[in-house]
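In: Build the 3D model from these lines:
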Amino acid sequence: TLSLFPDTTWSFSFYSSFSRRVQVEFYVNENTFKERLKLFFIKNQRSSLRIRLFNFALKFLTCALYIVRVTLDNPKEAIPGWVCKLSFFLLLWCVLQVTVALISFLETMLITYLSYKGNIWEQIFQISFILEMINTVPFIITIFWRPLRNIFVPVFLNCWLAKAALENMLNDFHRAIQRTHSAMFNQVFILICTLLCLVFTGACGIQHLERAGKNLSLFDAFYFCIVTFSTVGYGDVTPQIWPSQLLVVILICVALVVLPLQFEELAYLWMESQKLGGNYSRHRAQTEKHVVLCVSSLKIDLLMDFLNEFYAHPRLQDYYVVILCPTEIDIQVRRILQIPLWSQRVIYLQGSALKDQDLMRAKMDDAEACFILSSRNEVDRTAADHQTILRAWAAKDFAPNCPLYVQILKPENKFHVKFADHVVCEEEFKYAMLALNCVCPATSTLVTLLVHTSRGQEGQLSPEQWQKMYGRCSGNEVYHIRLGDSKFFGEYDGKSFTYASFHAHKKYGVCLIGVKKEDNKSILLNPGPRHIMAAADTCYYINITKEENSAFIFKQEEKHSKGLPISGLYDAPSRLPVQSIIASMGTVAIDLQHPDPPEESGKLTLPTENGAGSRRPSIAPVLEIADSSAILPCDLLSDQSEDETNHSDEEGSVGSDFVKGYPPNSPYIGSSPTLCHLLPQKAPFCCLRLDKGCTHNSFEDAKAYGFKNKLIIVSAETAGNGLYNFIVPLRAYYRPRKELNPIVLLLDYPPDNHFLEAICCFPMVYFMAGTIDNLDNLLQCGIIYADNLVVVDKESTMSAEEDYMADAKTIVNVQTMFRLFPSLSIITELTHPSNMRFMQFRAKDCYSLALSKLEKIERDKGSNLAFMFRLPFAAGRVFSISMLDTLLYQSFVKDYMIAITRLLLGLDTTPGSGYLCVIKITEEDLWIRTYGRLFQKFCSSSAEIPIGIYRTESHVFSTSEASSLSQVSINAEQGEEHRDRGESWKEKTAHRNSTASDQSEHPLLRKKSMQWARRLSRKNVKPASRAERISQQRLNLYRRSERQELSELVKNRMKHLGLPTVGYEDVSNLTASDVMNRVNLGYLQDEMNDHQNTLSYVLINPPPDTMLELNDIVNQESFPRGHHVEAEQRRRPLSPSSSFCNTDVNI
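Out: A predicted model of the protein is given here:
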């Protein structure tokens, strides 16, 4: 710029003249004397508070001086008697009264001047100004004009000015300390002050006016006012002259106008406070313990689940629950909170977690924890997550030291609340449980029972044995204790984990499932024999109650007293065919004791019946410390696997193109890396479409692909990121390659490229656009070649005008598929747990009606698990994600529950931890007989830890017994003996008791026990009349005709689509053996007989003497270690057909 001017000196002076700094003063209007006075007397809260306090003291002093004068005055004397006697006090009274009046007058004039806004008459005609003039001006005039000194001044009217000063003082007080006070309290205070002022004004006025009448004392006048305003009216004290009577009339009129207005305002504020819920006082927050529950909308089911689970723990009985919800309290919720059980412990506040004022009302900064729950009934679940995220941020910003327990719906939003102490992502857990349900039956039931607090009292009054045992075992939960402080595990310091787990179960009946080292934050599920227990280790175990609440009674086992051998060998060979399934938390099958290999590989060799000197125990003891030479490290990424060795070319080709590795693309941030079976190269997106061919292949249906294994079909609305967690557990590295089930995603809307990029690396994963209510779509995606169909609850149907109708479409569609494909295993997710009673609904199913009554009884008793006896839930065929809400609540007491559940479901993989899978047991393996011996067998040979049994039973009951709600469980062994003896039907169908049955007999069912049970049931029924037989024949004919119509419908659609009908089998074409096999697997209910039911249920950590029965599925944990493939195949503790477990991989 300077270069533009040739004269540099001039330009510098030019700019210097323009660069002079000018000082600018701001807010000069506040520097005036008037503004300073206004700031001191009005604007500043603290100074104005002092002024109002001083003003209140002056008014109160004038009222007190008036009472003193009236009390000491004798109206009968012409000259007051106290004038001569108390001249000093008279002078003092006069000086005080005039001084107070002068100060009040000057203050009033100053406040009026400072508050002037242009209308002087508005200031003058204010009631407070008029009262001030009445009570101050006469006293000031008497100083200069002596004749007015005898005038009566109603000084008692200063009580109204004192009331106004007190109200303003409280307002300034709350403004000064920056705290909001309760409007309810303020209104009650105003009402009380109004009543006191009315009574005081009336008493003083009547007393003064009655000086010309009955000369009432001040107390008599006060008594008269109280009697009058209370509408009692005794009549013993009444005003005699008309001025006092007129004053009473005026006071009553004023009271009739003022008091109703005050009461109306109070009632309105009370109703509003009931809606808002009031406040949780600071004093209570500092002296009591409370937690805050933040929700978008509070439903009765959500509230009861939280309260029942939260207060199920004894140490939380003294806690208070403060609910912060932006919506008005629901009528049903209000009724619940009025119950004495909850009214004293639950406080409802209407407010938003985004407002600091509402968080202050809830005393969030003093809370022990804050639970932030998402609204899963919203149509837009992403928007619901965004609201949850903002609530979590607001709570963390307001109270950074308050622990946060956050529930999120979609996995892609989880990383936004990563700072929370505990986070549960709904879709992660939901899809992982649905996936494991396909390969490990009833995983959802097992996890649900573990995360619910129960004492195992459900079903104990039922006449049925399975309900008693099922209810008793449902009380098992996961607890923790330090090994050095434990009676259960303290004696195993320095021993291996497997040794400690087996002997703790044998001695105390507890199941040790995991451990955490002192210097490691990760929990290890069954680290195996290589882990040596230390006193500082934290042990995690399953038991009915925690060790601190257990009593120890040592007694000798009954079998020792009976003289039975300790080993309890099963000498008699099994005579009935049987198949059992063992579900294990991984499988590592190697005999640590190196016993001699059996003659037939893959079977548990039975002990010889002859040969006295050569007989050896069938189950080896569990070693305290494992032989390190039997445990060899191996590379997880190596290709050593069971399905790659000792198989034919056809079998080996199934997984020959798969590699092990971590998925290269994760659909969302925060997913745990899991080692999986992957394709060597990513599949093109066009090859992922099942129903359309492309340049790489021409397949257009599932049949054309020629899959070796049965399909798993997933029906969902959209391809959300949660579906990724469905695929990963089914493609985890510990799944045998030859047994990977093809996965077909049946989606209402085609997936986007982002999702396809995440799944294109997994083998045998396909998608197809379609819905489950379209038969053509079901047939094209290969439903007749599927073992499992998973129906995921759709987001668009989660919200309905009637809440419980949200599942209507899903239930009806599943019922249709159940009728069309009765052999298909359908796993369904519902929004509301109460709707599970409609799954596979049959109107004439008497047994389901009996269970419905049992559920109502358990609910009336206050059970948290009233729905547990519903057959679909007990069998793991249906579940609701709301059942897992208790996982977040329980983590407040057990901070390890979320981590353990994620490990069980395979959501997290910790080096050294186990996994969940299943293997089958053949008839030759049933010599083990009891759950305790099975525990020992797995601990000694493969270091696996059983944690429960999934049991399937067949129940038959006739019409005559349906009314008494009795069931019959067929025991084939007993039935055959009784049939030979010709005993009665009831004796033939005695219910099995697994814990009390004789150990010398093994309860098994024949393959055709269904038909045999029907023949037994007919023997007990009286001969039917001819009309009844005709009616039954018509009913059977109608049912057979209906099934044939359904079968023809499916076949016609298959022909229309060009699909072969060879693979479709309807019920009428199945043989009796096929029907029985599918019923035993829980996939089929026999509709030929409405009184025939199969039921399946989970027994968590059953007693060691529980007998193993047909179709038992034993959940186990394995320890991760390397091993030689050849040694494993030679020493497998179970059948070689254990196809659900890969024994050559580890973690």
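In: For the residue nearest in space to the middle of the chain, which residues are in contact?
Out: Centroid-nearest residue in the chain: Asp885, 1.7 Å away (criterion: Cα atoms, centre = their mean). Listed by Cβ atoms under 8 Å, 6 or more residues apart in numbering, the contact partners of Asp885 are 302, 305-306, 309, 373, 407. The C-beta positions use only the backbone N, C-alpha and C, and glycine is treated the same way.
In: export these to TSV and tack on neighbour count, secondary structure and distance to Ala850?
Out: Listed next are the contacts of Asp885 as TSV, based on neighbours: other Cβ atoms under 10 Å; DSSP: H, G, I helix; E, B strand; the rest coil; distance: Cβ to Cβ, whole Å:
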residue	neighbour count	secondary structure	distance to Ala850
Leu302	19	helix	30
Asp305	19	helix	26
Phe306	23	helix	31
Glu309	22	helix	28
Leu373	24	coil	35
Gln407	25	strand	36
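In: Tell me the one of those nearest Leu907?
Out: Gln407 (15.4 Å; Cβ to Cβ).
In: Show me what that closest one is bridged to.
Out: Val424 (DSSP bridges).
In: so it touches Ser375, yeah?
Out: No: counting by Cβ atoms under 8 Å, Ser375 is not a contact partner of Gln407; they are 9.9 Å apart.
In: Just checking: what are the partner strands of the strand ranked longest in the chain?
Out: For the chain, the longest strand by residue count, based on DSSP state E, is strand 945-956. Here strand 945-956 has these sheet partners by DSSP bridges: strand 968-969 (antiparallel), strand 1092-1100 (antiparallel), strand 1113-1117 (antiparallel).
In: and the longest helix along the chain, what's its mean pLDDT?
Out: Counting residues, the longest helix found in the chain (DSSP state H) is helix 242-276. Here helix 242-276 scores 81 as its mean pLDDT.
In: Quick check: Leu354 is in a strand.
Out: No: counting by DSSP: H, G, I helix; E, B strand; the rest coil, one finds Leu354 to be coil, located in no strand.
In: ok, back up a step: please point out which parts of the longest helix of the chain sit buried.
Out: 244, 247-248, 251, 255, 262, 266, 269, 273, 276 (16 or more other Cβ atoms under 10 Å).
In: and the next element down the chain from that helix?
Out: helix 282-287 (DSSP states H and E).
In: List the buried residues of the helix or strand immediately after that following helix in the chain.
Out: Using DSSP H and E, the helix or strand that follows helix 282-287 in sequence is strand 289-294. Of the residues in strand 289-294, 290-294 count as buried by neighbour count, 16+ other Cβ under 10 Å.
In: Work out the gap between strand 289-294 and the centre of the chain.
Out: Offset of strand 289-294 from its chain centre (Cα atoms, centre = their mean, to the nearest Å): 15 Å.
In: what lines up beside it in the sheet?
Out: strand 319-325 (parallel), strand 369-372 (parallel).
In: Compare those strands and give me the one nearest Ser672.
Out: The nearest among the strands paired with strand 289-294, by Cβ to Cβ, is strand 369-372 at 22.7 Å.
In: Which SSE is immediately downstream of the closest one?
Out: Criterion used, DSSP H and E; the element after strand 369-372 is helix 381-398.
In: quick one: low-confidence ranges for the stretch 551-700 of the chain?
Out: Across the stretch 551-700 of the chain, the ranges flagged by pLDDT under 70 are 553-618, 626-656.
In: same deal with the stretch 251-400 of the chain?
Out: 273-279.
In: And stretch 526-537, what's buried?
Out: Here stretch 526-537 shows 526-533, 537 as buried, counting by 16+ other Cβ under 10 Å.
In: Out of those, which comes closest to Phe222?
Out: Distances from Phe222 to the buried residues of stretch 526-537, taken by Cβ to Cβ, are shortest for Asp537, at 77.6 Å.
In: Spatially nearest residue to that closest one (excluding sequence neighbours)?
Out: Leu483 (4.7 Å; Cβ to Cβ, 6 or more residues apart in numbering).
In: wouldn't the one you found be in contact with Tyr540 here?
Out: No: the criterion here is Cβ under 8 Å, and Leu483 misses it with Tyr540 at 10.9 Å.
In: chain center to the longest strand of the chain, what's the gap?
Out: Worked out by Cα atoms, centre = their mean, strand 945-956 lies 27 Å from the chain centre.
In: repeat for stretch 102-113
Out: 64 Å.
In: What residues sit buried inside that stretch?
Out: Neighbour count says stretch 102-113 has 104-105, 107-108, 111-112 buried, by 16+ other Cβ under 10 Å.
In: Out of the residues you listed, which sit inside helices?
Out: Per DSSP H, the buried residues of stretch 102-113 map to helices at 104-105, 107-108, 111-112.
In: Dump the residues you listed to CSV, plus pLDDT.
Out: Below are those laid out as CSV (pLDDT from 0 to 100):
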residue, pLDDT
Ser104, 84
Phe105, 86
Glu107, 84
Thr108, 83
Ile111, 82
Thr112, 81
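In: Out of those, the closest to Cys687 would be?
Out: Looking across those and measuring by Cβ to Cβ, the closest to Cys687 is Ile111, at 86.8 Å.
In: Now do the contacts for that closest one.
Out: Taking Cβ under 8 Å, 6+ apart, one finds 41-42 in contact with Ile111.
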